[in-house]
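In: Can you look at this prediction? I've put the sequence above it.
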Amino acid sequence: MAMELDEARLPARVLIADCDAGRRAALKAIVERFDPHAVIDEAISGQVLCDILLQQRPSLVFVGPQLEDRSGPEAVAVARRAGAEPPCLVLIATRVLPHWQEIARSLGAYEVLKTPLDPGHIEQLLHADARRRTPTRALLACSSPAGRTAISRVVARSGFAIALEETNCGRHALSQLKLGAYDFAFLDVKLGGIEGMELACQIQPLGLPTRITLLTTAELEPVAQAGRYFGVDAVLRMPFYARDIDLALHNALGLRRPYLLNALTAPPAPSALLRIADLPNARRKIA
């Protein structure tokens with residue numbers, strides 16, 4: 001664990017690939033303000049982008065719409081075919097059109113930034129990159145094998161350094177929560193042995209830093225209203241899509257999941273996640 005923590009403190013390695021010198025300079029300045037120790041590489045051609053991805057393995061990559069020899073997305077596609085797979089890819093576009101959704105998906109992009117660049121938005125991505133490189137322990141206590149498989153698959157593909165422990169037993173989950181320092185936990189309300197709500201109730205007096213997300217097949221708001229009194233952070237309804245788990249994961253990590261691309265090209269999809277902080281004001285206790 002000590003070695004992992006030391007590795008997490010290493011300076012970030014960031015690649016900025018864009019033939020626009022002004023955008024490169026603006027991005028570099030934002031990265032340096034966020035992390036003065038960051039190692040920043042620049043590329044203006046697809047070949048240089050590919051070489052840096054393969055040789056330096058940056059954790060965060062910004063790719064502009066156009067490089068000297070081809071478009072940014074085309075250069076990333078070529079680099080991927082050569083074996084380069086950036087952990088966090090951010091595409092930059094002057095206009096975000098519907099077909100960008102498919103482009104971003106096919107390249108495994110984490111976000112698409114629209115110009116002019118928003119420094120606050122970029123800082124959120126830099127914070128996510130720092131969190132991604134921090135070793136994280138999590139507990140998944142779920143009675144449904146399909147639910148455990150779906151969540152563990154999303155966690156494994158998330159790019160975050162998460163060690164996920166699984167159980168289908170409430171009593172085992174309780175003992176693990178008391179013994180282990182978990183950053184977050186997903187707890188099934190209908191868990192065998194001790195139900196998820198009771199688990200949250202029993203661990204609340206311990207003052208653990210663990211952020212709790214309850215899993216339920218019931219309506220979200222009644223469960224959230226009950227869970228708020230036991231330190232629950234959010235409620236996730238089963239069955240769920242990968243997007244819902246992704247939202248819950250980012251919430252558990254204290255991050256905003258980038259959805260600029262979806263927001264600009266399609267109506268927002270209903271979410272199966274309800275954060276306690278987002279409960280309707282009318283239902284909140286009046287001071």
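Out: Structure's in. What do you need? Numbers count the residues shown, from 1 in each chain.
In: Please tell me how far P36 sits from A26.
Out: For P36, the distance to A26 equals 17 Å [CB to CB, to the nearest Å]. Quick note: C-beta positions are derived from backbone N, CA and C, even for glycine.
In: Please read off the pLDDT at Y241 from the model.
Out: The per-residue pLDDT reported for Y241 equals 87.
In: ok now do the residue nearest the centre of the chain, which residues does it touch?
Out: Per CA atoms, centre = their mean, the C-alpha nearest to the average position across the chain is that of H250, at 4.2 Å. H250 sits next to 256-257 when contact means CB atoms under 8 Å, 6 or more residues apart in numbering.
In: picking up where we left off before, of P36 and A26, who's got more company?
Out: A26 (18 against 8; other CB atoms under 10 Å).
In: next structured bit after the lowest-mean-pLDDT helix or strand in the chain?
Out: Every helix and strand of the chain was ranked by mean pLDDT, DSSP states H and E. The lowest is helix 2-8, at a mean of 38. Downstream of helix 2-8, the first helix or strand assigned by DSSP states H and E is strand 13-17.
In: Partner strands of that next one and their direction?
Out: Its sheet considered, strand 13-17 pairs with strand 39-43 (parallel), strand 60-63 (parallel) by DSSP bridges.
In: First-to-last residue distance for stretch 130-149?
Out: 27 Å (CA to CA, to the nearest Å).
In: meant to ask about stretch 132-139
Out: End-to-end span of stretch 132-139 (CA to CA): 17 Å.
In: just stretch 52-64 next, same as before
Out: Chord length of stretch 52-64, first to last residue, is 15 Å (CA to CA).
In: Tell me the buried residues in it?
Out: Residues of stretch 52-64 classed as buried by neighbour count (16 or more other CB atoms under 10 Å): 52-53, 58-64.
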